[in-house]
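Undergrad: predicted coordinates and the sequence they were generated for:
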Amino acid sequence: MSSEDIPEPVEARPWRRENGPPEPVVWLWPEGDRPTLLVWSAGEWRNAPVMAEQDWPDGSVYFQVSVDLRGDSQATVRLYRWPQSGLRAGQKSGSQPSRSVDVRRQGSMPHRGPRRA
């Protein structure tokens, strides 16, 4: 398939409660060691760090990524169903995904938690 024949990937809608139970299983990676997808956009492959993988109850897989679709340094969050011809696997992560956020690797910014009186 030549680059002129590659369609841009179709953005998916998020899972909703009306999709029925159970909710998707969501996998996360540490901020500094996320896998990437390559997203075909505006005639180029764009590197897109994976924010989360969603395994839906029907067996389909979705990736939530942060991607600069126009090459202007303005990243946006997109959800894509895998596979599509406008998506390719990028770099792998050296970390195992988890179902929860590892607060030890979030940096020094304040985090949500109980409010202090």
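TA: That came through fine.

Undergrad: only C-alpha atoms for contact and neighbour calcs from this point on.
TA: Will do.

Undergrad: same question for the longest strand anywhere in the chain, mean pLDDT?
TA: Counting residues, the longest strand in the chain under DSSP state E turns out to be strand 44-55. Averaged across strand 44-55, the pLDDT comes to 96.

Undergrad: go on, stretch 84-99?
TA: In the prediction, stretch 84-99 has an average pLDDT of 96.

Undergrad: report the buried residues of it.
TA: The neighbour-count check on stretch 84-99 (16 or more other C-alpha atoms under 10 Å) flags 86-88, 90, 97 as buried.

Undergrad: distance from the chain centre to that stretch, please.
TA: Its chain's C-alpha centre lies 9 Å from the corresponding centre of stretch 84-99 when counted by C-alpha atoms, centre = their mean, to the nearest Å.

Undergrad: which of the buried residues of stretch 84-99 fall within strands?
TA: If you go by DSSP E, the buried residues of stretch 84-99 have 87-88 in strands.

Undergrad: which of the helices or strands spans the most centrally placed residue in the chain?
TA: The C-alpha lying nearest the average C-alpha coordinate of the chain belongs to residue 64 (C-alpha atoms, centre = their mean; 2.3 Å). For residue 64, the enclosing helix or strand under DSSP states H and E is strand 61-67.

Undergrad: tilt between whichever helix or strand comes after that strand and strand 61-67?
TA: Beyond strand 61-67 in the direction of the C-terminus, DSSP H and E gives the next helix or strand as strand 76-82. Interaxial angle, strand 76-82 versus strand 61-67 (axes from the mean of the first three to the mean of the last three C-alpha atoms, to 10 degrees): 150 degrees.
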